[in-house]
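> Any chance you can model this:
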Amino acid sequence: MARLPDGIVTLLFTDVERSTRLLQELGDAYRQVLEDSRRLQRRAVAEHGGSEIDCPGDEFFAAFDDAPAAIAAAEQAQRSIRAHRWASSRPVRVRMGVHSGQPRIGEEGYVGLDVRRAARIASAAHGGQVLVSEQARELLPDAPMRDLGRFRLRDLAEPEHLFQLGAQGLTADFPPLRFAEPEGSPLRVVLADDSILLREGVARLLEEAGFEIVAQSGNADDALRHVAMHRPDVALLDIRMPPTHTDEGLRAAKQIRERFPEVGVLVLSQYVEPAYALELLSESAEGVGYLLKDRVSDIEEFAASVRRVAEGGSALDPTVVSELVGRRRKENPLDDLSPREREVLELMAEGRSNQAISQRLYVTPRAVRST
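Have a look, this model is predicted:
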């Protein structure tokens, strides 16, 4: 493991934008894209005295003794990535987040809220964008920064005051932040169901829970039009809608995920249809959910699921999870799980955090991580 700076540390998290789509398009050639991305970032980190901590999948994690070095490395990496000749026909872009704090050093590296905060800041960025926390900004008096305001980020209890690095040569304008809601504003919802009675009932429940219903639709085409117009935080769609009442909502959900990746999608179904859930989750579980309509009756849990999807998490109906976990194969690795391990797996599939699982099962978060 690399040397871990201690005390006040500045953390840099990065992630390749739309990496799953690039992998699908490039196949084996994606390996070269990933290697080039890591090489360019490693060079920038090393040249500014940083320590590479980890690089799982498409992500990259480094730490620095001081904030100016971290910002200089992020700026250099973005310039190098932008100038590089990639094997892909579409440009490769990397999102970045910088945060200063005092993470604890555990057996396997940094742990604590500051690590999660840095990762969440990075996930809110778009490719080519460098987001900076208020704590890091205070250590960077001379860096050109654009004040973006305060945002609620997924899994973080308190809003974050975020800034955007505005160095010359970097892209200046981006869409609204991903999985981030401006402080004080309600989460915005587009609701689609051909049953006007159910639609109005769900709308009323969500409004009472603090959501804003920006549009309602009775069919999938109209829902797509409203999503394109309003760009809500989340779209709630019935799977079976006119004209054929088969999978119109599912197909609309997949189009939304492709065209508007910043919009969460939660589909509602009258029936347990695991194949539909798998199809919806095939590319990514970020910002997606699948619930049975019966789940709406538990208002608190339903509102929490909608909020989790809007903030970039996932929400799977426990009944659907049980169907997926219970499927039999000739050699099923799930057969080797203990009852407690299977229970934890099912709660993870529902999109619950380690903290939420520990509270549900009355165990410590550490016990959940070791399960």
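> if I look at Val309, how far off is Ser100?
30 Å (Cβ to Cβ, to the nearest Å). (Each C-beta comes from the backbone N, C-alpha and C, glycine too.)
> can you check Ala46 too?
Distance from Ala46 to Ser100, by Cβ to Cβ: 20 Å.
> Which one of those two is surrounded by more residues?
Neighbours per residue, other Cβ atoms under 10 Å: of Ala46 and Ser100, the larger number sits with Ser100, 23 against 13.
> Validate this expectation: that one resides in a strand.
Yes - with DSSP: H, G, I helix; E, B strand; the rest coil as the criterion, Ser100 is located in a strand.
> Run through the residues that contact it.
By Cβ atoms under 8 Å, 6 or more residues apart in numbering, the residues touching Ser100 are 8-11, 67, 133, 135-136, 138-139.
> Now for the residue nearest to Glu301 when sequence neighbours are not counted, how many residues are close by?
Once flanking residues are discounted, Glu301 sits nearest to Arg295: 6.9 Å by Cβ to Cβ, 6 or more residues apart in numbering. Neighbourhood size, Arg295 [other Cβ under 10 Å]: 16.
> Check Arg295 and give its pLDDT.
Arg295 carries a pLDDT value of 81.
> SS state for it?
Under three-state DSSP, Arg295 falls in the helix class.
> which SS state does the closest residue to His245 other than its chain neighbours fall under?
Spatially, and ignoring its direct neighbours in sequence, His245 is nearest to Asp194 (7.8 Å; Cβ to Cβ, 6+ apart). Under three-state DSSP, Asp194 falls in the coil class.
> Now for this protein, the helix or strand with the poorest mean pLDDT.
Least confident helix or strand of the chain, by mean pLDDT, DSSP states H and E, is helix 365-370 with a mean of 48.
> What ranges in the stretch 201-350 of the chain fall below the confidence cut-off?
283, 324-350 (pLDDT under 70).
> All the helices of it, residue numbers only.
Under the criterion DSSP state H, counting those that start in this stretch, helices of the stretch 201-350 of the chain are mapped to 220-230, 248-259, 274-281, 299-310, 318-326, 339-349.
> Go through those helices and name the closest to Ala77.
helix 248-259 (27.8 Å; Cβ to Cβ).
> Report the inter-axis angle for that closest one versus helix 274-281.
On the basis of axes from the mean of the first three to the mean of the last three Cα atoms, to 10 degrees, helix 248-259 is oriented at 20 degrees to helix 274-281.
> packing partners for helix 248-259?
Judged by 3 or more Cβ pairs under 8 Å, 6 or more residues apart in numbering; DSSP states H and E, the packing partners of helix 248-259 are helix 220-230, strand 234-238, strand 264-269, helix 274-281.
> Please state the backbone phi and psi of Ala143?
phi -80, psi 140 (degrees, to the nearest 10).
> ok, back up a step: ranking the helices and strands packed on helix 248-259 by burial, who's on top?
Mean neighbours per residue, mean count of other Cβ atoms under 10 Å, is largest over the helices and strands packed on helix 248-259 for strand 234-238, with a mean of 28.
> Run the chain-centre distance for it.
The chain centre lies 17 Å from the centre of strand 234-238; the measure is Cα atoms, centre = their mean, to the nearest Å.
> got a list of contacts for that strand?
Contacts for strand 234-238 (Cβ under 8 Å, 6+ apart): 187-195, 198, 202, 220, 223, 227, 249-250, 252-253, 256, 263-269, 287, 306, 309-310.
> Could you tell me which of those residues count as buried?
187-194, 198, 202, 220, 223, 227, 249-250, 252-253, 256, 263-269, 287, 306, 309-310 (16 or more other Cβ atoms under 10 Å).
> Strand partners (parallel or antiparallel) of the helix or strand that Val189 is a member of?
Here Val189, judged by DSSP states H and E, is contained in strand 188-192. Paired strands of strand 188-192, with direction, are strand 212-217 (parallel), strand 234-238 (parallel) (DSSP bridges).
> how much space is there between Tyr276 and Leu250?
In terms of Cβ to Cβ, Tyr276 sits 5 Å off from Leu250.
> what touches both of those two?
239, 267.
> quick one, what contacts the residue nearest the centre of the chain?
Nearest residue to the geometric centre of the chain (Cα atoms, centre = their mean): Gly312, 4.0 Å. Gly312 makes contact with 123, 154, 178-179, 264, 286-287 under the criterion Cβ under 8 Å, 6+ apart.
> now the closest residue to Gly7 other than its chain neighbours: how far from Asp66?
Distances taken as Cβ to Cβ, 6+ apart put Gln102 closest to Gly7, at 6.7 Å, once the chain neighbours are dropped. Per Cβ to Cβ, Gln102 is found 14 Å from Asp66.
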